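[1] pasting the sequence and the predicted model now:
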Amino acid sequence: MNIGIIGQGAIGRYVCDHARERGHVVRAVLVRPVRLQDIPDNVELMIDCAGHQALKSYGPDILRGGTDLATVSIGALADTDVHESLERAAAEGNSKLYLASGAIGALDCLRAARVGSLREVTYVGRKPPRGWKGSPAEDQLDLDNLDAGAEVHFDGTARVAATEYPKNANVAAAVALAGIGFDATRVKLIADPNIDENIHEVRADGEFGQFSFEIRGRSLPDNPRSSALAAMSVVSMLEQEAGNIRF
């Protein structure tokens, strides 16, 4: 596929390198300030790796112009105005917005379960203290001196988590969108000095029965806040779109 990438951070660089390795052609890599006129006409898919603000600022115009867009910035959709703007732009441009699954898996199971009746969905995100640097956790905890062990710094809805933790809680947003929504999904965020990986746990209860799953993911080497699996999920999505047989 001919693709364009917004952002040159850890995830953007990973996607760019691995997409090229798989034979995709990167026609443009855009950094702020993004000029949409710099997107070549033959780009089939733009990939946003630049965060919530980039999706809010450039996503509607890309979609309205008829170009499909993929993003890892799922948490931005917690803002109902952003969600509606993107949906309206995609309809006007006859284009699609693809949400990369990011750092979490098994969302297909959650989507299937909501066909029946989902009563409860809870997401628990646990990271080492350095993974919460630059987030509101710094206002509540001394992240450099958690001598007492793991500490909860957020307990609330997925909508609030995704809004207050735009660089850390995209997983909470993905779980919410796959399941019972931003306001019904419960989220707990934890800083744990006893781990060196990011641990994501999802628990669900409903008409189908019950399930829980846990993913222990590593961050990208050059950014402790960026999940390696999140970057991999974008490349995987790209492979699915380019293939003739899809999961």
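    Received the coordinates, thanks.

[2] all strands for the chain, in order.
    For the chain, applying DSSP state E gives strands covering 2-6, 25-30, 45-48, 68-71, 97-99, 118-127, 151-157, 186-191, 198-206, 209-217, 219-220, 223-227.

[3] deepest-packed of these, please.
    Compared across those, strand 45-48 shows the largest average neighbour count, a mean of 26 (mean count of other CB atoms under 10 Å). No exception for glycine: its C-beta is placed from N, CA and C like everyone else's.

[4] strands paired with that strand, and their directions?
    strand 2-6 (parallel), strand 68-71 (parallel) (DSSP bridges).

[5] output those as TSV; include the columns mean pLDDT and distance to Ser101.
    Conversion of the strands paired with strand 45-48 to TSV gives the following (pLDDT from 0 to 100; distance: least, CB to CB, whole Å):
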stretch	mean pLDDT	distance to Ser101
strand 2-6	95	18
strand 68-71	95	11
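
[6] pLDDT value on Arg225, please?
    Per-residue pLDDT puts Arg225 at 67.

[7] reformat the strands paired with strand 45-48 as CSV; add distance to Asp41.
    What follows is these, written out as CSV (distance: least, CB to CB, whole Å):
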stretch, distance to Asp41
strand 2-6, 10
strand 68-71, 14
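
[8] quickly list the domain ranges of the chain.
    Here the domain parsing of the chain from automatic domain parsing is 2-99, 107-225.

[9] among those domains, which comes closest to Leu238?
    Between Leu238 and those, the shortest gap by CB to CB is with domain 2-99, which sits at 6.0 Å.

[10] what's the end-to-end length of the closest one?
    End-to-end span of domain 2-99 (CA to CA, to the nearest Å): 18 Å.

[11] now the domains of the chain as JSON lines including distance to Val235?
    Below are these laid out as JSON lines (distance: least, CB to CB, whole Å):
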{"stretch": "domain 2-99", "distance to Val235": "5"}
{"stretch": "domain 107-225", "distance to Val235": "13"}
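
[12] about what we covered before: show me the one of the strands paired with strand 45-48 that comes nearest Ala28.
    Taking these one by one with CB to CB, strand 2-6 is closest: 4.0 Å.
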